[in-house]
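**Student:** Quick one: sequence plus predicted model below, questions after.
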Protein chains: 2
Amino acid sequence: MAPDEIKRISLAVIRRLPKYHKCLGELLQKNVERISSQELGRILGFTASQVRQDLNNFGEFGQQGYGYNVKQLYNEIAKILGLNTEHKMVIVGAGKLGQALAGYTDFERHGFKIMALFDIDPKIVGSKVRDIPVYDMKDIIYFVNENEIDIAVIAVPRERAQEVVDILSKTLIKGIWNFAPVEVKAGSNIIIENVHLLDSLFTLSYRMNESKWMERLARKDGKKR
Amino acid sequence: MAPDEIKRISLAVIRRLPKYHKCLGELLQKNVERISSQELGRILGFTASQVRQDLNNFGEFGQQGYGYNVKQLYNEIAKILGLNTEHKMVIVGAGKLGQALAGYTDFERHGFKIMALFDIDPKIVGSKVRDIPVYDMKDIIYFVNENEIDIAVIAVPRERAQEVVDILSKTLIKGIWNFAPVEVKAGSNIIIENVHLLDSLFTLSYRMNESKWMERLARKDGKKR
DNA sequence: TAGATTGTTAATCGATTAACAATC
DNA sequence: TAGATTGTTAATCGATTAACAATC
């Protein structure tokens, strides 16, 4: 009598979910009604097998001989991604990055509403970014709990990031989206997603140089083998 | 006589390189002279085996009985990542995001110098963002070629992204760092690195909801097996 | 030399792909 | 019904981990 064993979904699968979601959204726009794993895979560059395996991690959404109903599948994936309920966010740090993020209307379109920014700089506390108020950092705990904020966006300099997370740990926040270039830590009740821009830039830089490396390695291997 | 076969480095390895780089940089700061794969792995959460396998993709940087020289390894990885030469960048799109990125001094610290921003809005063309000039989009081809720009950052709305890439394809640009939420396409001579912020946010949202799903699946599995 | 730790080969693990019976 | 396409099991592939001889 094995107790409900939790088969964890691999990160690779999870990272593909937004791709499915986006693709299905576009198909929906084009009034496509049904789609096969074959065709969906073709568009996204996945194999039909992978599409079916991925989706079957979450349920049986298709129908033999028919394929998947685009609208239904879109909704199911939205549900899986938690996009069926509204999320309330705050942005901590109202510098350039914080303001840029606050200016992004895409988030709101998908149900992520930015309720406030927080900063310590008295020069900007009290101002607004596109209707969104900038409050004093000292009020953040109260605000987050009172307004049932789900997600905090960390847009402060690397030195302040961990201390902000520690403050947030005292609230009912459930997720942290971290833009500071440090690996921040919090209790297991808070989910952290890191956006490491420098890592991404370095990866680009690596790939721009790759051919040089490959040559060197080819020579080296030639000697050895 | 197999011709120099190119053993491609997997993306998983490449994405770990910036982590090694950062960690070694911090060790260097602390004047640590040597480190074993064991200890390096412990800090980063990798196995010693993985550390050695990763590094041996690029060369033999260690020494039996000693480990790795921190400074030397740091420099080698910097070289692999292409951080030993300066890169010149332009940012296309001088809206909030473009300005935020232009304000990030971290890039410059690692040798990525932002030379100019480009926009079509006459209201901001001619202005400056922290000493960096904003030029008219029509001059971008000339500017990129004349100043030997390596990398273009795409910070325009999704609708303009592909058209900007098409323009850049006529230049000598080598890499594109794309912040627009679309999969842009270019010739194989240009490397593209996508930063899909929405995907990252959706992944966070998924993981915040995961426990709910796991329960449902556990029940479902209970029935089936 | 003895101890430590690498580079590298072999074993394991997990994720992707292929195959196919089930079924719409 | 016949054709299509799923859900799922089996095979393959690739990446991670373990083991160990080489060697500093």
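**Tutor:** Received it, and whenever you're ready, just let me know what you need. Residues are numbered from 1 along each chain as shown, chains lettered A, B, ... in the order given.
**Student:** which ones are touching A:Y68?
**Tutor:** By Cβ atoms under 8 Å, 6 or more residues apart in numbering or on different chains, A:Y68 lies in contact with A:34-37, A:40, A:55, A:61-62. For the C-beta atoms, the positions are set from N, CA and C on the backbone; glycine is no exception.
**Student:** Leaving out chain neighbours, which residue sits closest to it?
**Tutor:** Distances taken as Cβ to Cβ, 6 or more residues apart in numbering or on different chains put A:G62 closest to A:Y68, at 4.6 Å, once the chain neighbours are dropped.
**Student:** residues near that neighbour, how many?
**Tutor:** As a burial measure, A:G62 scores 20 neighbours (other Cβ atoms under 10 Å in any protein chain shown).
**Student:** so what's A:S127 up against?
**Tutor:** A:S127 neighbours (Cβ under 8 Å, 6+ apart): A:94, A:133-134.
**Student:** Go through the contacts of A:Y68 and flag which are in helices.
**Tutor:** Among the contacts of A:Y68, the residues falling in helices (DSSP state H) are A:37, A:40, A:55.
**Student:** one step back: please flag which of the contacts of A:S127 sit within strands.
**Tutor:** If you go by DSSP state E, the contacts of A:S127 have A:133-134 in strands.
**Student:** can I get the contacts of A:S127 in CSV with neighbour count?
**Tutor:** CSV is the format used below for the contacts of A:S127 (neighbours: other Cβ atoms under 10 Å in any protein chain shown):
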residue, neighbour count
A:A94, 27
A:P133, 14
A:V134, 20
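**Student:** Out of the contacts of A:S127, the closest to B:Q162 would be?
**Tutor:** Taking Cβ to Cβ as the measure, A:A94 is the one of the contacts of A:S127 closest to B:Q162, at 32.1 Å.
**Student:** how close does the residue nearest to A:Y68 get to B:L73?
**Tutor:** The gap separating A:G62 from B:L73 is 50 Å, by Cβ to Cβ, to the nearest Å.
**Student:** just A:I141 next, same as before
**Tutor:** 43 Å.
**Student:** SS state for A:Y68?
**Tutor:** strand (DSSP: H, G, I helix; E, B strand; the rest coil).
**Student:** the longest strand in chain A is where?
**Tutor:** Under DSSP E, chain A gives strand A:112-119 as its longest strand.
**Student:** Give me the mean pLDDT for that strand.
**Tutor:** The average pLDDT within strand A:112-119 is 98.
**Student:** cool, and stretch A:33-53?
**Tutor:** Stretch A:33-53 shows a mean pLDDT of 98.
**Student:** now check that stretch, is it near DNA strand D?
**Tutor:** Yes: shown here: stretch A:33-53 in contact with DNA strand D (Cβ under 7 Å from any atom of the strand) through A:35-38, A:48-49, A:52-53.
**Student:** coming back round to it: please identify which of the contacts of A:Y68 is nearest to A:V165.
**Tutor:** Taking Cβ to Cβ as the measure, A:V165 sits nearest to A:L55 out of the contacts of A:Y68, at 34.5 Å.
**Student:** separation between the residue lying closest to that closest one once chain neighbours are set aside and chain B?
**Tutor:** Counting by Cβ to Cβ, 6+ apart, A:L55 lies nearest to A:F61, which is 5.6 Å off, once chain neighbours are set aside. The gap separating A:F61 from chain B is 13 Å, by Cβ to the nearest Cβ, to the nearest Å.
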